[in-house]
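*Asks:* Using only what follows, build the 3D model:
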Amino acid sequence: MTQSSLEGRFLVAMPRMGDARFENTVVFVCAHSDEGAMGFVVNRPLAEPGMADFMAKLGIVTDSERTILRDSLKAKSLHMGGPVEPGRGFVLHSPDFHTQSTIDVNAEVCLTATLEILRAIATNKGPDRHLVALGYSGWSAGQLEEEIASNGWLVTQADPEIIFGGHNDTKYNRVMGAMGIDPALLSADTGHA
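*Replies:* Okay, the predicted model is just below:
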């Protein structure tokens, strides 16, 4: 991790940033180094598939189990983690679940990208808190730094309540509010003194 690493922090998209894939998003950065960065959008749930259907498609649960799980997993939706590898699943989760494949991002958030964690979630043996994302957000070397310098992103402390909590439609405004910013007052115009 570099001294100026953004690992474990939030990126908050500036209004009208010019990339519809990231408008009004909050991204949790899991890795950041001189080689690039990787993170997950935490406030953009997918309408389809539902979590139970997703697990059935992967063969984690049977069709009959899917029907049973629909109600218990209904409150948990899949998220669009980003435009890179949108068919691949990742789980951000609390540190109470750990395997050899788990990466500790910080003391409050881990990342695991295996079928094992999805099986554990399906059988109520998984982490207490989790967010399942399809795809991730990635930046090549220097790209994220350029986007920040061009006023595309604000950087702030990450909050596990935002990552794992509900009310996806208010996460962006809650993060902005915690920073003391009213998004309606921000301009899309950029400049440097």
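*Asks:* where do the strands sit along the chain?
*Replies:* Assigned by DSSP state E, the chain shows strands spanning 9-13, 26-33, 36-41, 78-80, 84-93, 103-104, 110-112, 130-140, 153-157.
*Asks:* quick one: least confident helix or strand in the chain?
*Replies:* Lowest on mean pLDDT, DSSP states H and E among the helices and strands of the chain sits helix 63-73, with a mean of 63.
*Asks:* circling back: P49 is nearest to which of the strands of the chain?
*Replies:* Counting by Cβ to Cβ, P49 lies closest to strand 78-80 out of the strands of the chain; the figure is 6.7 Å. All C-beta atoms are positioned from the backbone trio N, CA, C, and that covers glycine.
*Asks:* tell me what the closest one is packed against?
*Replies:* On a contact count with 3 or more Cβ pairs under 8 Å, 6 or more residues apart in numbering; DSSP states H and E, strand 78-80 meets strand 36-41, strand 130-140.
*Asks:* Please work out which of these is packed deepest.
*Replies:* Of the helices and strands packed on strand 78-80, the one with the most neighbours on average (mean count of other Cβ atoms under 10 Å) is strand 36-41, at a mean of 23.
*Asks:* quick one: strands adjacent to that strand?
*Replies:* Paired with strand 36-41 in the same sheet, following DSSP bridges, are strand 26-33 (antiparallel), strand 130-140 (antiparallel).
*Asks:* Would you format these as TSV with distance to L186 and mean pLDDT included?
*Replies:* Formatted as TSV, the strands paired with strand 36-41 follow (distance: least, Cβ to Cβ, whole Å; pLDDT from 0 to 100):
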stretch	distance to L186	mean pLDDT
strand 26-33	15	97
strand 130-140	21	96
